[in-house]
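[1] Structure here, sequence nowhere to be found:
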């Protein structure tokens, strides 16, 4: 009996340890690690799309920021996150950050490319063609990672396959602006992606 109780206690402790190292996006149940290769998760949200009068879950998205940015470019926002200036720095700030899209449904290549082209309407046509062309057919459970590297280089990894970087700060800001800009794809995503910011940027 003692052995069983001890084993149960160990299992519970392990579960707590795992949960303490991850964050579950509540609307999708998709889990993101809190720490990943020198980045810290700032928050996560869910992209939905209306299909035949029903809101379908498309992907969970997590925002990661390089650890050094919290003591550097973002330190000015301690105790005052969520302001227009804070979001502007998240979009335009020249520090490493990334959005991770984890798909909750499969999408054919034409559909996801069309959605991205529509979302980025007005961007440089040549760069838009290149970026949209990076998206493959997506299977449920796969992910796309869009990373801002210093200098405004947009690095993309699509379903595990790295693509050539796009060296254009304005275009990179447009991509991050889809989620954090003045007119995001969804207002709730913009808020959810910084849900941990108050904790990470305490005064």
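    Done, it's in. Because the structure is a prediction, the values reported are computed rather than measured.
[2] mind listing what residue 158 touches?
    Counting by CB atoms under 8 Å, 6 or more residues apart in numbering, residue 158 touches 134-136, 144. Just so you know, the C-beta spots here come from the backbone N, C-alpha and C atoms, and that holds for glycine as well.
[3] let's go with 10 Å and repeat that
    When contacts are counted by CB atoms under 10 Å, 6 or more residues apart in numbering, residue 158 touches 101, 112, 134-136, 138, 142-146.
[4] Just put those residues in JSON lines and tack on neighbour count and distance to residue 92.
    Shown next, in JSON lines, are the contacts of residue 158 (neighbours: other CB atoms under 10 Å; distance: CB to CB, whole Å):
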{"residue": "101", "neighbour count": "19", "distance to residue 92": "21"}
{"residue": "112", "neighbour count": "22", "distance to residue 92": "26"}
{"residue": "134", "neighbour count": "19", "distance to residue 92": "22"}
{"residue": "135", "neighbour count": "22", "distance to residue 92": "24"}
{"residue": "136", "neighbour count": "18", "distance to residue 92": "29"}
{"residue": "138", "neighbour count": "22", "distance to residue 92": "28"}
{"residue": "142", "neighbour count": "17", "distance to residue 92": "29"}
{"residue": "143", "neighbour count": "18", "distance to residue 92": "25"}
{"residue": "144", "neighbour count": "24", "distance to residue 92": "22"}
{"residue": "145", "neighbour count": "18", "distance to residue 92": "20"}
{"residue": "146", "neighbour count": "22", "distance to residue 92": "15"}
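[5] quick one: low-confidence parts of the protein?
    Low-confidence segments of the chain (pLDDT under 70): 1-19, 52.
[6] Sketch out the helices for it, chain order is fine.
    Along the chain, the stretches classed as helices by DSSP state H are 2-20, 67-71, 84-92, 109-119, 125-133, 169-180, 187-192, 197-200.
[7] Turn these into JSON lines, including distance to residue 46.
    Below are the helices of the chain laid out as JSON lines (distance: least, CB to CB, whole Å):
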{"stretch": "helix 2-20", "distance to residue 46": "19"}
{"stretch": "helix 67-71", "distance to residue 46": "25"}
{"stretch": "helix 84-92", "distance to residue 46": "19"}
{"stretch": "helix 109-119", "distance to residue 46": "15"}
{"stretch": "helix 125-133", "distance to residue 46": "22"}
{"stretch": "helix 169-180", "distance to residue 46": "12"}
{"stretch": "helix 187-192", "distance to residue 46": "7"}
{"stretch": "helix 197-200", "distance to residue 46": "18"}
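[8] right, so the ones you listed: which one is the most enclosed?
    Highest mean neighbour count among these (mean count of other CB atoms under 10 Å): helix 169-180, with a mean of 20.
[9] Relative to residue 58, which of the helices of the chain is closest?
    Residue 58 lies closest, by CB to CB, to one member of the helices of the chain: helix 109-119, at 8.4 Å.
[10] Show me what the closest one is packed against.
    strand 39-51, strand 54-66, helix 125-133, helix 169-180 (3 or more CB pairs under 10 Å, 6 or more residues apart in numbering; DSSP states H and E).
[11] Who does the closest residue to residue 186 other than its chain neighbours form a beta bridge with?
    Nearest residue to residue 186, sequence neighbours excluded (CB to CB, 6 or more residues apart in numbering): residue 47, at 6.6 Å. Assessed by DSSP bridges, residue 47 has beta-bridge partners residue 59.
[12] This completes my enquiry, with thanks.
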